[in-house]
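Undergrad: Got a predicted model here, sequence first, then my questions.
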Amino acid sequence: MEMPTTTTRALPLYIGGRFVEGQDPGQDVFNPATGEVIARAARATPDEARAAVAAAREAFDRGPWATATAAQRGRVLLEVAQALRARAPELARLETENMGKPIAEAELDVADAASVFEYYGGLATKLTGDVNPVPDDALSLTLKEPVGVCGQIIPWNYPLLMAAWKVAPALCAGCAVVLKPAEATPVTALELARVLDGIADLPRGVVNVVTGDGPVVGAALAASPDVDKVAFTGSTATGRAILRAAADSNLKKVTLELGGKSPNIFFADAGWEAAVEGAVFGVFVNQGEVCSAGSRVLVERSIHGRFVEAMVEKARQIRLGDPLDPATRMGPLVTAAHRERVLGHVERARRDGARLVLGGGAPRGLAPGYFVEPTIFDGVDPGARLAQEEVFGPVVAVIPFDGEEEAVRIANATPYGLAAAVWTRDINRAFRVVKRVRAGVVWVNHMQPTYVEAPWGGVKQSGLGRELGRYGVEGYLELKQVHVNLSEKPIGWY
Ligand code: ADP
C-alpha cells in the first residue's frame with residue numbers, strides 16, 4: 001500500500017504483512033517541542049490485537065521462518081541493519097519530532113538500533129546447543145528452539161531502539177512477534193515496520209506492529225493464550241500487571257525491564273572533572289527519561305558542598321531548546337501529562353524539605369513545548385519520596401554520605417536494582433562497591449554507556465531476565481533435551 005510520509009497522515013497497523021487502517025479513528029500524536037499534532041495513530045481494538053497475534057501464530061506455526069536456517073535468518077537481520085542505516089537521518093528526525101530527544105541523541109539511537117540488528121544477525125549462526133555427558137550408551141543433546149509467538153511491549157523513551165532491542169533477538173531465535181509501541185511514540189516503530197516490509201526474505205506475519213492503549217492492546221498480548229512469551233519494558237506497576245496476566249492465562253514466559261532509582265556514587269578521590277560531568281550526564285541525558293538514570297547522586301561528605309556547586313555550574317550549561325538543533329542537549333519531556341507528573345515530584349520534594357539548588361520549573365521562552373529545567377535537589381533524605389520514587393525526568397536527588405559502608409547501605413535502600421555507578425581512583429574500593437551493590441549493571445568511573453554486546457537488566461523490582469548480548473537471545477529460546485539411545489538392548493527391567 002502506498003504510504004505518504006507518516007508525519008502528515010493517519011498511521012496504520014501492520015498485521016500479517018499488510019498496512020491496514022485501524023477501526024478506531026485513533027489518537028493524536030504530538031511533537032512535544034511544539035505541542036503540534038504530527039500524526040494520528042490507530043488505537044487497535046481487542047479484535048485487531050487478536051488478528052495480529054493470529055498472524056504471528058500462523059507465521060510461526062506454519063511459515064518458513066522458524067525452520068529457516070540460522071544463516072538465512074542472520075542475513076535478514078543484517079539487511080535490516082543496512083536498511084536502517086540507509087535511512088538514518090530521516091529516522092532520527094522522526095524520532096526527535098515524535099519524542100523530543102535532541103537530534104544528536106536520536107542519531108546515536110538509530111545507529112545503535114542498526115547495531116542491534118547487526119549483532120543478532122551475526123549471532124544467529126553462533127547459537128549452539130550442547131552434548132551432555134550422560135553415563136550411558138547414549139547421545140544426550142540439548143537443542144535450542146524458538147519460544148514461539150512473542151508479545152513485545154515497549155516504552156516511549158527510546159522508541160526505535162527499544163523496538164530493536166525486542167525485535168532483533170526474537171528474530172535471531174526464529175520467533176514471530178507482535179510489537180506494541182507506547183501510545184505517545186508510535187512513529188518510528190511503524191517506520192521499522194516499513195523497513196521490515198521491504199525485506200523480501202522476511203515472511204509476512206513474522207513481525208506485526210499494533211499501536212494503541214496499553215490497558216487494551218498491551219493487556220491483550222499479556223493475557224493471550226496464543227502468545228508464548230511477553231517481553232516488556234516500562235514501569236514496575238505495569239510489569240506487575242503483565243506478570244499477573246501471564247500467570248492467569250497460559251503461564252507464558254515473561255521478561256521485564258522495569259524502573260530504577262540508580263545510585264551514582266562519588267568518593268572524594270574521584271577524578272574531579274569526569275566525575276562532575278558523569279553526575280550531570282548520568283541523570284540529564286535524554287531529559288532524564290531513562291530507566292537507568294543516575295537519579296540519586298551519593299557524594300562523600302568531604303567533597304559534598306564543592307561537588308554540588310560544580311554540578312550546578314555544569315548543569316547550567318546544558319542547552320535546552322529546539323531538539324532538531326544539533327547543538328541542543330536537552331529537549332522537552334515526552335507529553336504534557338508526563339511533564340505534570342514530573343513537576344508533581346518536584347513539588348512534593350519541596351514540601352518534604354529537600355533544598356532546591358537548580359531549576360524546578362518550566363524554562364522561560366520555550367512554551368508551548370513540554371520543557372522542564374534540569375533540576376537538582378540537595379540534602380535529600382535517603383528515605384524521602386524523591387530518593388525512593390522513579391521520576392523519569394530531569395530531577396536529581398543529591399545525598400551526602402560518610403564512608404563506604406554508608407554509601408553501599410544507601411545505594412541498596414530502594415526496591416529497585418537496575419543500575420549503579422561508582423567513581424573513585426581506588427581500584428580495591430571500586431571492586432568492593434561493585435560486589436556489594438545490588439544492581440544488574442554497574443559502571444566504574446562512567447555512567448550510562450550501553451552496548452549490545454553486554455547484558456542489560458535489573459535485579460529486585462527492576463526486572464526479570466536480561467536483554468542484549470548472548471544472554472538477550474536466551475529469553476527467546478527454549479531448551480529441548482533429546483536422548484538418543486545408542487544401544488539396541490531392551491531395558492531388561494521386566
Ligand atoms: P508509562 O507510565 O511511562 O507510560 P507504562 O509501563 O505504563 O509506562 O508503559 C509502557 C508500555 O506498557 C506502553 O507501551 C504502554 O502502552 C504499555 N502498557 C500500559 N499498561 C499496560 C497494561 N496494563 N498491560 C500491558 N501493557 C501496558
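TA: Thanks, I have the structure now.

Undergrad: hey, let's count contacts and neighbours off CA atoms from now on
TA: Noted.

Undergrad: how about stretch 200-213: buried residues?
TA: 202, 203, 204, 205, 206, 207, 208, 209, 210, 211, 212, 213 (16 or more other Cα atoms under 10 Å).

Undergrad: Report the buried residues of stretch 76-87.
TA: Neighbour-count burial for stretch 76-87 flags 76, 77, 78, 79, 80, 81, 82, 83, 84, 85 (criterion: 16+ other Cα under 10 Å).

Undergrad: for the record, mean pLDDT for it?
TA: The average of the pLDDT scores along stretch 76-87 is 98.

Undergrad: Following the helix or strand hosting residue 82 in sequence, what is the next regular element?
TA: Residue 82 is part of helix 70-86, with elements assigned from DSSP states H and E. Using DSSP H and E, the helix or strand that follows helix 70-86 towards the C-terminus is helix 88-99.

Undergrad: So stretch 210-219, near the ligand or not?
TA: Yes: judged by Cα under 6 Å from any ligand atom, stretch 210-219 and the ligand are in contact via 213, 214, 215, 218, 219.

Undergrad: Report the two of those residues separated the most.
TA: Longest distance between any two of these is 8.8 Å, between 213 and 219; criterion Cα to Cα.

Undergrad: okay, the residues of stretch 210-219 next to the ligand in a markdown table with distance to residue 315 and pLDDT next?
TA: A markdown table is the format used below for those (distance: Cα to Cα, whole Å; pLDDT from 0 to 100):
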| residue | distance to residue 315 | pLDDT |
| --- | --- | --- |
| 213 | 36 | 98 |
| 214 | 35 | 98 |
| 215 | 37 | 98 |
| 218 | 37 | 98 |
| 219 | 39 | 98 |
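
Undergrad: so can I have CSV of those showing secondary structure?
TA: Shown next, in CSV, are the residues of stretch 210-219 next to the ligand (DSSP: H, G, I helix; E, B strand; the rest coil):
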residue, secondary structure
213, coil
214, helix
215, helix
218, helix
219, helix
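
Undergrad: ok, the residues you listed vs residue 167, which is closest?
TA: Nearest to residue 167 among those: residue 218, at 15.9 Å, using Cα to Cα.

Undergrad: Spit out the contact partners of the closest one.
TA: Listed by Cα atoms under 8 Å, 6 or more residues apart in numbering, the contact set of residue 218 reads 153, 180.

Undergrad: Near the ligand, which residues of the stretch 151-300 of the chain are found?
TA: Proximity of the stretch 151-300 of the chain to the ligand is confined to 153-155, 180-183, 213-215, 218-219, 234-235, 238, 241-242 under the rule Cα under 6 Å from any ligand atom.

Undergrad: and with 8 Å instead?
TA: Neighbours of the ligand within the stretch 151-300 of the chain, by Cα under 8 Å from any ligand atom: 153-156, 180-183, 212-222, 232-239, 241-242, 258.

Undergrad: Looking at those, which are in strands?
TA: Mapping those onto strands (DSSP state E) picks out 153, 180, 232, 233.

Undergrad: Can you pick out the most distant pair from these?
TA: Across these, no pair lies farther apart than 180 and 233, at 10.8 Å, counting by Cα to Cα.

Undergrad: These two: which has the busier surroundings?
TA: Neighbour count, other Cα atoms under 10 Å: between residue 180 and residue 233, residue 180 has more, with 27 against 21.

Undergrad: Does the more buried one touch residue 215 like I think?
TA: No: counting by Cα atoms under 8 Å, residue 180 stays clear of residue 215, with 11.5 Å between them.

Undergrad: Narrow the buried residues of stretch 200-213 to those in strands?
TA: Counting by DSSP E, those place 207, 208, 209 in strands.

Undergrad: what residues are up against the closest residue to the first one other than its chain neighbours?
TA: Going back to what we said before, that points to residue 207. Nearest residue to residue 207, sequence neighbours excluded (Cα to Cα, 6 or more residues apart in numbering): residue 177, at 4.9 Å. Residues in contact with residue 177 (Cα under 8 Å, 6+ apart) are 53, 56, 149, 150, 151, 152, 167, 170, 206, 207, 208.

Undergrad: and what of residue 437?
TA: By Cα under 8 Å, 6+ apart, the residues touching residue 437 are 408, 411, 412, 420.
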